[in-house]
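**Q** let me see the structure of the following:
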Amino acid sequence: MLVFCIGTISASAQLQQGDSVSSAEAIPGSIKGKIIDQTGNLVSGAEVTLTRADQSPGDQVQTGDDGQFSFFNVSPGDFTITVTADGFASQSVSATLHSGEVVAVPQITLSVATEKTEVRVSVSPVEIAEIQIKEQEKQRVFGIIPNFYVTYEPNPAPLNTRQKMRLAWRSNLDPLTFAGVGFVTGIEQAENAFSGYGQGAAGYGKRFGASYADVAISTFLGSAVLPAVFRQDPRYFYQGTGSTRSRLWHAVKSSFMCRGDNGHWGPNYSNVGGALATGAISNLYYPSSDRNGVALTFETAFIRIGESAGANIFQEFVIRKLTPGLSHRPASDSQN
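**A** So this is what the prediction gives:
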């Protein structure tokens, strides 16, 4: 009986001793540290978060004016300190807290946050059109004859009023325009067309002036002024694909149909109106013997429209092959 009691007492004593050892191993500790920036200045007001490996809720404190922080009554185990502050990149440090220990984490240095800046560069339709116009102004048949009023771009940007005027000026003042007018004038002189002008240098000069006036007025009215008023594109839109019949119809149609600045096709008021206006104005400078009012107006208008149709056909089937530097440009889809 005595032996049993002694055994019981011994076992009880051992249990108490075990509890005492276990309790000693779980004594809470403390964690402290200091936060500075890259220049060595103390960082106050930084958010310091303590998280533990056991996934228990994290504690959070702020650094004081001295840049220091402290956590008390922290259970032993692995932990992570995460520091965040405005204008700085977050920093983390991990360590282990033993029973009853005070851990001073290494001084934490915050780096200035690197901002990711996304820059989007957008080009306006006017700027795109400007680039395309510069390409058009390089278009010359055989590298010589101006070919400004045709676009080989699949979907060119619309021209604004200033750009339409610029093309008209550029075309009218090109040396080859004067040369072309001179050639036509020579034919008229040889045939004694508009006989009221007479012959000789004076007659040639009058014919040249009248022919150039027709070209200049027609270009400005039909390719700049009226297109600006009616918001229409004065250029020929090269098709380049489809059957010969569809391309031929597209070329002829473009004399009395055109694409608007909004991308839709409609009646070519600019070309037809420009041709009629040119015919009417021509009554002011053609010889009185050749002025027959309405007849001259419509005669000149029909000539200009016919010339436009012929030029479009030539553009669609011939000119592209004779214009250097266009091989890399894609042909547009069929226009409707």
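
**Q** below-threshold pLDDT in the stretch 101-250 of the chain: ranges please.
**A** 115-121 (pLDDT under 70).

**Q** one more time with 80, if that's ok
**A** 113-122 (pLDDT under 80).

**Q** quick one, strands of it?
**A** 102-104, 108-110, 140-141, 145-146, 150-151, 236-237 (DSSP state E, counting those that start in this stretch).

**Q** which SS state does V48 fall under?
**A** strand (DSSP: H, G, I helix; E, B strand; the rest coil).

**Q** what's the burial count for it?
**A** For V48, the count of nearby residues is 23 (other CB atoms under 10 Å). For glycine as for every other residue, the C-beta is placed from the backbone atoms N, C-alpha and C.

**Q** enumerate the beta-bridge partners assigned to the closest residue to it other than its chain neighbours.
**A** The shortest distance from V48 to any non-neighbouring residue, by CB to CB, 6 or more residues apart in numbering, is to F69 (4.5 Å). Judged by DSSP bridges, the bridge partners of F69 are G33.

**Q** for F69, give me its contacts.
**A** 32-35, 46, 48, 61-63 (CB atoms under 8 Å, 6 or more residues apart in numbering).

**Q** at 6 Å instead, please
**A** 33, 48, 61, 63 (CB atoms under 6 Å, 6 or more residues apart in numbering).

**Q** distance to P156 added to those, as CSV?
**A** Listed next are the contacts of F69 as CSV, based on distance: CB to CB, whole Å:
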residue, distance to P156
G33, 65
V48, 61
V61, 64
T63, 62
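
**Q** show me which pair in those is furthest apart.
**A** Using CB to CB, those span at most 10.6 Å, a distance reached by G33 and V61.

**Q** settle it for me: which of these two has more neighbours?
**A** Neighbours of G33 and V61, each counted by other CB under 10 Å, are more numerous for G33; the result is 20 against 15.

**Q** is it true that that one touches V105?
**A** Yes: counting by CB atoms under 6 Å, G33 touches V105, with 4.0 Å between them.

**Q** so what's the residue count around G186?
**A** The burial count for G186: 13, using other CB under 10 Å.

**Q** any idea how far it lies from Y204?
**A** Per CB to CB, to the nearest Å, G186 is found 8 Å from Y204.

**Q** got it, and F79?
**A** Relative to Y204, and taking CB to CB, F79 is found at 102 Å.

**Q** more neighbours: which of those two?
**A** Using other CB under 10 Å as the criterion, F79 and Y204 rank with F79 on top: 24 against 17.

**Q** which one is the more buried one nearest to, not counting chain neighbours?
**A** That would be R52: by CB to CB, 6+ apart, it lies 5.1 Å from F79.

**Q** neighbours of that neighbour, how many?
**A** Counted with other CB under 10 Å, residues neighbouring R52 total 17.

**Q** show the pLDDT at it.
**A** Note for R52: predicted pLDDT of 84.

**Q** backbone phi and psi for it, please?
**A** Taking degrees, to the nearest 10, you get phi -110, psi 160 for the backbone angles of R52.

**Q** L176 versus that one, what's the distance?
**A** Taking CB to CB, one finds R52 at 86 Å from L176.

**Q** most packed of the strands of the stretch 101-250 of the chain?
**A** strand 236-237 (a mean of 22; mean count of other CB atoms under 10 Å).

**Q** show me how far it is from its chain's centre.
**A** Relative to the mean C-alpha coordinate of its chain, strand 236-237 is positioned 23 Å out (CA atoms, centre = their mean, to the nearest Å).

**Q** what residues does it touch?
**A** 150, 254, 312, 315, 335.

**Q** try it again at 8 Å.
**A** So strand 236-237 is contacted by 149-151, 156, 251, 254, 259, 311-312, 315, 332, 335 (CB under 8 Å, 6+ apart).

**Q** same question, stretch 262-271
**A** By CB under 8 Å, 6+ apart, stretch 262-271 touches 158, 222-223, 226-227, 230-232, 234, 254-260, 305, 308, 335-336.

**Q** gap between the two ends of it?
**A** From its first residue to its last, stretch 262-271 covers 18 Å (CA to CA, to the nearest Å).

**Q** quick revisit: out of the contacts of strand 236-237, which comes closest to S90?
**A** P156 (50.9 Å).

**Q** pLDDT value on S308, please?
**A** For S308, pLDDT reads 81.

**Q** how about it, what does it touch?
**A** Applying CB under 8 Å, 6+ apart, the residues contacting S308 are 254-255, 271, 275.

**Q** before I go, just wanted to say thanks for your time.
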